[in-house]
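Novice: need a structure here:
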Amino acid sequence: MLNREGVSGSGKPFDLRERTLQLSLSILKLCAILPDTPEGRVVRGQLIRCGTSPGAQYREACRARSPAEFISKVESAQQELDETDYWLELVVRAELSPSSRVADLQNEVRELIAIFAASARTAKERR
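Specialist: Numbering: from 1, shown residues only. Predicted coordinates for the structure are as follows:
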């Protein structure tokens, strides 16, 4: 249930524009502290690309001209989130950042994957 500020019972903003923007900011903050090693630079570049893309994809979905375009954009955002989850897991396993620093970010990414999957599924059912 949402309160007047658009925050769910879990305390997280429900507005997907805000959540995806906050995700992008969190990804950028994490990337800023990754080590300046060849491995760190590769992971940083990949995480910045895929971790900031879902917000842009979602905004494009909001301006979709057809249900098919909406579904395509939402599924693209979901794919980018799944890739982000992969790179975050690599950050932890390669010990580029402590898992305690990445855990909340991983949880948010996985919640957003579920939300976008449900949105695409609902849109397909309504077509």
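
Novice: Would you map the helices across this structure?
Specialist: Along the chain, the stretches classed as helices by DSSP state H are 16-33, 38-62, 67-93, 99-126.

Novice: how many neighbours does V102 have?
Specialist: 18 (other Cβ atoms under 10 Å). For the C-beta atoms, the positions are set from N, CA and C on the backbone; glycine is no exception.

Novice: now R127
Specialist: Neighbourhood size, R127 [other Cβ under 10 Å]: 9.

Novice: separation between it and L96?
Specialist: 42 Å (Cβ to Cβ, to the nearest Å).

Novice: Would you indicate which residues of stretch 64-84 are buried?
Specialist: Neighbour-count burial for stretch 64-84 flags 70-84 (criterion: 16 or more other Cβ atoms under 10 Å).

Novice: In space, what's closest to E83 - neighbours in sequence excluded?
Specialist: Sequence neighbours aside, C50 is the residue nearest to E83 in space, at 4.2 Å (criterion: Cβ to Cβ, 6 or more residues apart in numbering).

Novice: which residues touch that neighbour?
Specialist: C50 sits next to E80, L81, E83, T84, W87 when contact means Cβ atoms under 8 Å, 6 or more residues apart in numbering.

Novice: In contact with the last one, which residues?
Specialist: Listed by Cβ under 8 Å, 6+ apart, the contact set of W87 reads V43, Q46, L47, C50, G51.

Novice: which one is it nearest to, not counting chain neighbours?
Specialist: Nearest residue to W87, sequence neighbours excluded (Cβ to Cβ, 6+ apart): L47, at 4.7 Å.

Novice: correct me, but the one you found touches I33?
Specialist: No - under the criterion of Cβ atoms under 8 Å, L47 is not in contact with I33, lying 11.7 Å apart.

Novice: who has more neighbours, those two?
Specialist: Shown here are L47 and I33; by other Cβ under 10 Å, L47 has more neighbours (23 against 11).

Novice: which residues does the more buried one contact?
Specialist: Applying Cβ under 8 Å, 6+ apart, the residues contacting L47 are I27, L30, C31, T84, W87, L88, V91.

Novice: 10 Å - rerun?
Specialist: By Cβ atoms under 10 Å, 6 or more residues apart in numbering, the contact set of L47 is 27-28, 30-31, 34, 83-84, 86-88, 90-91, 105.
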